[in-house]
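**Student:** For reference, the sequence and a predicted model appear below.
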Amino acid sequence: MNGSLLKKVMVVSLVVPVLGLFAMNGPLSIGQDKAKKAEKNETTKRKGTLPAYYGDVVSEEQREKIYSIQAKYADQSA
């Protein structure tokens with residue numbers, strides 16, 4: 001009886017850490033690199049938020065300037 005219990009304990013003590021290694025390398029535990037995120041943001045069209053009704057009165061050029069200013073200050077605060 002003691003021999004079979006010892007075998008079970010040894011098997012469990014070897015299997016549990018191996019399963020833990022597999023779980024740590026799963027897709028949920030992998031983070032996103034900031035460099036990749038920044039690279040993705042540079043390739044997409046810049047978006048920002050405008051105060052209420054600004055969209056009705058500003059030109060596309062003014063809108064881009066507002067978005068660039070917002071992005072500049074967002075980078076400083078991050």
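**Tutor:** Nice, I can see it. These figures come from a predicted structure and were not determined experimentally.
**Student:** any low-confidence regions in the chain?
**Tutor:** 1, 22-46, 78 (pLDDT under 70).
**Student:** one more time with 50, if that's ok
**Tutor:** Counting by pLDDT under 50, the chain shows no low-confidence range.
**Student:** what are the ranges of the helices in it?
**Tutor:** For the chain, applying DSSP state H gives helices covering 2-24, 34-43, 54-57, 60-77.
**Student:** Among the ones you listed, show me which one is buried the most.
**Tutor:** Greatest average neighbour count among the helices of the chain goes to helix 60-77 (a mean of 11), per mean count of other C-beta atoms under 10 Å. No exception for glycine: its C-beta is placed from N, CA and C like everyone else's.
**Student:** Any chance you could list what contacts that one?
**Tutor:** Applying C-beta atoms under 8 Å, 6 or more residues apart in numbering, the contact partners of helix 60-77 are 46, 47, 48, 49, 50, 54, 55, 58.
**Student:** Which member of those residues is positioned nearest residue 20?
**Tutor:** Residue 20 lies nearest to residue 47 out of these, by C-beta to C-beta, at 41.1 Å.
**Student:** How about that closest one: what's its closest non-neighbour residue?
**Tutor:** Setting aside the residues directly before and after it, residue 47 is nearest to residue 67 in space (C-beta to C-beta, 6 or more residues apart in numbering), at 6.9 Å.
**Student:** any idea how far the one you found is from residue 48?
**Tutor:** Per C-beta to C-beta, to the nearest Å, residue 67 is found 4 Å from residue 48.
**Student:** And residue 71, by the same measure?
**Tutor:** 7 Å.
**Student:** Residue 16 too?
**Tutor:** Distance from residue 16 to residue 48, by C-beta to C-beta: 49 Å.
**Student:** same question, residue 19
**Tutor:** 46 Å.
**Student:** same check, this time on residue 73
**Tutor:** 10 Å.
**Student:** next one: residue 6
**Tutor:** If you go by C-beta to C-beta, the gap between residue 6 and residue 48 works out to 65 Å.
**Student:** Likewise for residue 70?
**Tutor:** 4 Å.
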